[in-house]
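**Student:** give the three-dimensional model of this entry:
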Amino acid sequence: MVRLCVIEGDGIGHEVVPAAVQVLRALLPDIEIETAEAGMDTFIRTGSALPESTLETARACGAVLFGAAQSPSYPVEGYFVPGVRLRQELRCYANLRPARWLPVPTAKPDVDLLVVRENTEDLYLQLEHTRDSGETGVSEKIITRAATERVARRTFEMAMSHGREKVTIVHKASVLPQTDGLFRKVAFEVAKQYPEIETDDLLVDTAAYWMVKDPLRFDVLLTPNLYGDILSDMAAAWGGGLGLAPSLNIGDGVAMAEPVHGCAPDIAGRNVANPTACIMSVALLLRLHWNMPELADRVENAVRSVLHDGLHTADINHSAALSTTDFTNEIIARL
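**Tutor:** Okay, the predicted model is just below:
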């Protein structure tokens, strides 16, 4: 029995997640769906952004579809970003962010790259404090050999199994030799065990330059947590935009599908959000966690067919836009 923990979160999560679940049920009518909650609305109502009951459900299912959560840019006592915490609790140590051309005007032809981001440490451990009466903020960056080796091995294994030819290790070892230097060193040690894969490295600022100038030079990028977050959003622009950008967080026997976009409170509740990123995240779950590549192909091909016919949501074409509901129904009709 295939089981999925569904967490809508905040904002447009309440619209795009049900759309993705509709697509999934059309393919797997017997899937067992368990609903749970997380996010700012949950925090306001219960005092926790990620209740223990949600964690228990997620662990029991082994697979999660997470929508979006509000992430304020200022301290809120007791609040943390639930998506980040959930990845850590589930030990989803690798974040996969593919950027692949889709038939929309905003995409770049022939782009087909994958950003693999270490998902459990770096600055995202949120080890922060203030000093000097609040005038100085301090954050601790942690990189470990064990976590780097684990995500590097997963990256090279995926490169081998999916026909990728090159891995680029991204770092800033020139400035941070004890942390990024360790990441670079360990990643290259793992790379030696995969001589079939070409491996090189770039400083993160140079990688950002080439991501803007010529994304076609990249195949797979292996990065620490923060750099991967930034570079994968840059790559998403070449795939058509954040509304079309999927991601999958994976660990050993566990996975969490999660669209890249935020909760978009400005359009929430209007039935105009683009569900593509969430639906394509489900395709990643089918392909890489449940080992159902044929069903993943059907989802991806249906999405491409709809977009190829010029059927778009408002973020792609405001003058002739389909609603979230109608766009989803078009995809389901083509499955």
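
**Student:** any idea which helix or strand carries residue 8?
**Tutor:** strand 3-9 (DSSP states H and E).

**Student:** pull out the buried positions in that strand.
**Tutor:** Buried residues in strand 3-9, counting neighbours by 16 or more other C-beta atoms under 10 Å, are found at 4-9. Where C-beta positions appear, they are placed from N, C-alpha and C, glycine not excepted.

**Student:** nearest to residue 71, of those?
**Tutor:** Using C-beta to C-beta, residue 9 comes nearest to residue 71 of these, at 10.6 Å.

**Student:** so that closest one makes contact with residue 64?
**Tutor:** No. Contact criterion C-beta atoms under 8 Å: residue 9 and residue 64 do not qualify, at 11.1 Å.

**Student:** give me the contacts around stretch 278-296.
**Tutor:** 2, 4, 16-17, 19-20, 23-24, 27-28, 63, 65, 67, 96, 98, 244-248, 250, 255, 257-259, 299-300, 303, 328, 331 (C-beta atoms under 8 Å, 6 or more residues apart in numbering).

**Student:** is it possible to export the buried residues of strand 3-9 to JSON lines including distance to residue 288 and pLDDT?
**Tutor:** Converted to JSON lines, the buried residues of strand 3-9 look like this (distance: C-beta to C-beta, whole Å; pLDDT from 0 to 100):
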{"residue": "4", "distance to residue 288": "14", "pLDDT": "98"}
{"residue": "5", "distance to residue 288": "17", "pLDDT": "98"}
{"residue": "6", "distance to residue 288": "18", "pLDDT": "98"}
{"residue": "7", "distance to residue 288": "19", "pLDDT": "98"}
{"residue": "8", "distance to residue 288": "22", "pLDDT": "97"}
{"residue": "9", "distance to residue 288": "22", "pLDDT": "94"}
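
**Student:** for residue 163, state which of the residues you listed is nearest.
**Tutor:** residue 4 (28.0 Å).

**Student:** so that closest one versus residue 32, what's the distance?
**Tutor:** The gap separating residue 4 from residue 32 is 7 Å, by C-beta to C-beta, to the nearest Å.

**Student:** which strand or helix spans residue 35?
**Tutor:** Going by DSSP H and E, residue 35 is in strand 32-36.
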